[in-house]
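Enquirer: Pasting the sequence and the predicted coordinates here, then a few questions.
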Amino acid sequence: MVAALTSKVDLQNIYGRETIDPIARLKKDASSEKLLRYWEDMISVSIDANSGIVTVKARAFSAGDAQKILKEVVTASEAVVNDVNNRIWRDVIVTAQTNLDNAKNQLQNTREELLSARNQTGILSVEGASTIITNLISSVQKERIGLQQKYDALLGAVSADAPQMKVLKREIDSKQKQLDQLNSQIAGQNKSEQNLADVSVDMSQRELEQSLAEQQFATSMKTLEQVQFVSKQQLLYLDTFLAPDLPDDAEYPKRALWIGGVFAATLLIWGAVVGALTNVRSRLV
């Protein structure tokens, strides 16, 4: 508090001007440690454990100086409270921004992985590729059936070893081989080659990861916007129940008490001296 008030209040002028009693005033060459000890003698602070109310009392050599000091103490305390409030929100905003950056990077990574998988397989959409292959299977299956029917119809009149029957047989086998290849592209037992079922599982997993990353990014963005909006509000306040007031009467010096104390001390010293002299005189006699 002393450091906070140094730039706003001339403590040396308030407590060390020449019109003040030399014994009570602050020395001109007082170090920072002596200034702090002097401050602790002039300022008292108490805290109510039940209510948490802090009471600050300031002593000075004029009512205006005491009020001025207390006003500056309240202002400095409010600055500290506001700084704590701002630091809390800064930390919250930094955390929200960090989460948003992490979500953004995660979303970018999942999109790049999905794009890379599509480029490697040459399949943009599993559903579209499945539809195309299914249509091809239907078309080839239809052609194979037509050739097989033609082969069966000719088989009753033409020998199976006839050239035209061999050509039909080769065409039927070719269509069957083509069907087997198309079926294996959808789902097959050959694990050395990736089929559409495997691609579908891999794509579904990557699309799910991308969807989750998009949701996380949207949530982080919304959280940051909410924090930035709420950060304009105060979490901590310094509520001044009693504003620094100008005192009507001076508590010090208590002249009657000091006069009575000096008189009593003087009387005590006088009595001790008289008693000592009487004792010495009685011994000499």
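Expert: Perfect, thanks for sending it. Numbering: from 1, shown residues only.
Enquirer: what about the strands in the stretch 1-150 of the chain?
Expert: Using DSSP state E, counting those that start in this stretch, the strands of the stretch 1-150 of the chain run over 43-47, 54-58.
Enquirer: Okay, now the sheet partners of the first one, with direction.
Expert: This means strand 43-47. strand 54-58 (antiparallel) (DSSP bridges).
Enquirer: Grab the nearest non-local neighbour of the residue nearest the centre of the chain.
Expert: What sits nearest the mean C-alpha location of the chain, by Cα atoms, centre = their mean, is Val92, with 2.6 Å. Closest residue to Val92 apart from its sequence neighbours, by Cβ to Cβ, 6 or more residues apart in numbering: Val227 at 5.5 Å. C-beta: built from backbone N, CA, C; applies to glycine.
Enquirer: Next, the buried residues of stretch 42-55.
Expert: By neighbour count, with 16 or more other Cβ atoms under 10 Å as the criterion, the buried positions of stretch 42-55 are 42-43.
Enquirer: typo on my end, it should be stretch 9-21
Expert: Neighbour counts over stretch 9-21 (16+ other Cβ under 10 Å) mark 9, 11, 14-16 as buried.
Enquirer: One more: stretch 228-241?
Expert: Neighbour-count burial for stretch 228-241, counted by 16+ other Cβ under 10 Å, picks out Ser231.
Enquirer: got the contact list for that stretch?
Expert: Residues from elsewhere that reach stretch 228-241, judged by Cβ atoms under 8 Å, 6 or more residues apart in numbering: 53, 74, 77-78, 81-82, 84-85, 88-89, 92-93.
Enquirer: Send me it as PDB with only the CA atoms.
Expert: The C-alpha trace of stretch 228-241 is given here as PDB (Å, rounded to 0.1, in the frame of the first residue of the first chain):
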ATOM      1  CA  GLN A 228     -15.500 -12.900 -24.100                       C
ATOM      2  CA  PHE A 229     -19.000 -11.700 -23.500                       C
ATOM      3  CA  VAL A 230     -19.200 -12.500 -19.800                       C
ATOM      4  CA  SER A 231     -15.700 -11.200 -19.200                       C
ATOM      5  CA  LYS A 232     -17.100  -7.700 -19.400                       C
ATOM      6  CA  GLN A 233     -18.800  -8.300 -16.100                       C
ATOM      7  CA  GLN A 234     -17.200  -8.000 -12.700                       C
ATOM      8  CA  LEU A 235     -16.700 -11.000 -10.500                       C
ATOM      9  CA  LEU A 236     -15.100  -9.200  -7.600                       C
ATOM     10  CA  TYR A 237     -16.100  -5.900  -6.000                       C
ATOM     11  CA  LEU A 238     -14.800  -3.600  -3.300                       C
ATOM     12  CA  ASP A 239     -17.900  -2.400  -1.500                       C
ATOM     13  CA  THR A 240     -17.300   0.600   0.700                       C
ATOM     14  CA  PHE A 241     -19.800   0.600   3.500                       C
END
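Enquirer: State the mean pLDDT of that stretch.
Expert: Averaged across stretch 228-241, pLDDT comes to 78.
Enquirer: now do stretch 107-127
Expert: Averaging pLDDT along stretch 107-127 gives 73.
Enquirer: ends of stretch 224-237, how far apart?
Expert: Taking Cα to Cα, to the nearest Å as the measure, stretch 224-237 stretches 24 Å from start to finish.
Enquirer: Now stretch 28-44: average pLDDT?
Expert: Throughout stretch 28-44, pLDDT has a mean value of 90.
Enquirer: okay, and for the stretch 151-285 of the chain, where does confidence drop off?
Expert: Filtered on pLDDT under 70, the stretch 151-285 of the chain yields the residue ranges 182-202, 252-255, 285.
Enquirer: Now do the helices in it.
Expert: Under the criterion DSSP state H, counting those that start in this stretch, the stretch 151-285 of the chain contains helices at 163-186, 196-230, 255-284.
Enquirer: Looking at those, spot the one closest to Thr98.
Expert: The minimum distance between Thr98 and these falls on helix 196-230, with 9.3 Å, by Cβ to Cβ.
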